[in-house]
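1. I'll drop the sequence and a predicted model, then ask my questions.
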Amino acid sequence: MQSTTTLPFTLFLTATLAATSSFSQVNYSGYEAGIYAGTLVYQGDLTPNWYGNTRSLKPALGLYVSKALDPYFSLRLNFTHGNVAADESVYSSPVWRQYRNLKFSSRVNELAASVVFNPYGEKNENNFRRLVPYVFAGAGLSFLKVKRDWSGFNTTYFDAKSIATTSLATDTTHQLPRVILAVPVGVGIKYILGQRLAIHAESSWRILSSDYLDGFSYQGEKPTRDAYYGMTVGLSFRFGKYKYACPTVNGKAGTRLLSSSK
């Protein structure tokens with residue numbers, strides 16, 4: 001017969017192993033690297049559409065590396081290169097945009113770090129999901145090269161005392177930003193092709209610290225800052241080996257161990 005001193009310890013060990021089995025998941029010891037392509041969409045003063053300017057889209061490219069922190073969270077570093085632009089002359093309504101006729105283009109090089117959350121967690125190879133949704137948020141810097149053009153501004157339609165004219169005078173004397181703070185937030189979905197490869201699609205929006213992404217600010221109808229968002233698809237590759245957080249103990253083994261303690 002087992003002593004009463006040993007019995008509580010045996011019961012505690014059994015309960016611990018049983019609880020541990022329910023959290024048996026995979027931690028990836030290596031890194032993940034990926035590439036992606038898509039476009040950046042400008043939202044700001046020079047487009048009347050709430051969804052931004054989709055009439056002059058240009059390609060965007062990027063790459064990233066990430067490191068798993070636990071089965072649910074990972075830390076990711078992204079570099080994105082793209083362009084945003086707008087031209088008011090393409091809009092027939094409202095008609096005053098044809099007369100204001102402002103335009104811009106801006107090259108964007110963004111470096112950002114984000115925390116990525118997978119609500120389902122990483123599973124072991126016998127119990128994994130092929131379709132994995134995730135969300136992310138972070139902070140970074142956007143390095144800009146803004147080119148603005150107000151040469152088409154109609155001084156006959158807008159007299160010297162109009163708000164458009166006085167605002168333009170203020171904007172054109174404002175120094176253009178070269179580096180601004182960017183806060184990316186977004187959602188994505190990943191399809192697992194195998195133990196190493198996956199394809200993914202993302203939509204991400206940037207909150208910016210400046211309203212001069214398009215070179216103009218006081219021309220705006222609403223006191224909101226410029227922004228841009230990205231739509232991308234890509235391919236990722238995972239390095240390293242699987243590491244199991246703990247051994248699996250099934251119910252029968254736990255029962256046998258509990259029985260042996262009596």
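-> Happy to help now that I have it. Residues are numbered from 1 along each chain as shown.
2. Can you tell me whether I have it right that residue 107 is in a strand?
-> Yes - under DSSP: H, G, I helix; E, B strand; the rest coil, residue 107 sits within a strand.
3. Apart from its neighbours in sequence, what residue is nearest it?
-> residue 145 (4.3 Å; CB to CB, 6 or more residues apart in numbering). For the C-beta atoms, the positions are set from N, CA and C on the backbone; glycine is no exception.
4. I'd like the distance between residue 121 and residue 239.
-> 20 Å (CB to CB, to the nearest Å).
5. the more surrounded of the two?
-> The residue with more neighbours, out of residue 121 and residue 239, is residue 121; 16 against 12, by other CB atoms under 10 Å.
6. now the more buried one, what's its secondary structure?
-> Each residue gets one of three states, and residue 121 gets coil by three-state DSSP.
7. what's the pLDDT at the residue nearest to it when sequence neighbours are not counted?
-> Once flanking residues are discounted, residue 121 sits nearest to residue 71: 4.0 Å by CB to CB, 6+ apart. On pLDDT, residue 71 comes in at 86.
8. go on, residue 104?
-> Reported pLDDT for residue 104: 97.
9. And for residue 219?
-> Predicted confidence (pLDDT) for residue 219: 80.
10. what about it, which helix or strand?
-> Using DSSP states H and E, residue 219 is not contained in any helix or strand.
11. Count residues in the vicinity of it, would you?
-> Residue 219 has 21 nearby residues by other CB under 10 Å.
12. any idea how far the closest residue to residue 213 other than its chain neighbours lies from residue 212?
-> Ranked by CB to CB, 6+ apart and with sequence neighbours excluded, the top spatial neighbour of residue 213 is residue 226, at 3.8 Å. With distances taken as CB to CB, residue 226 is found 7 Å from residue 212.
13. cool, and residue 53?
-> 16 Å.
14. Could you do residue 129 as well?
-> Distance from residue 129 to residue 212, by CB to CB: 43 Å.
15. How about residues contacting stretch 195-208?
-> 34, 36, 110, 125, 132, 136, 142, 180-193, 225-238 (CB atoms under 8 Å, 6 or more residues apart in numbering).
16. any idea where the strands of the stretch 51-200 of the chain begin and end?
-> 59-68, 73-87, 103-117, 131-149, 179-192, 197-208 (DSSP state E, counting those that start in this stretch).
17. Many thanks, I have nothing further to ask.
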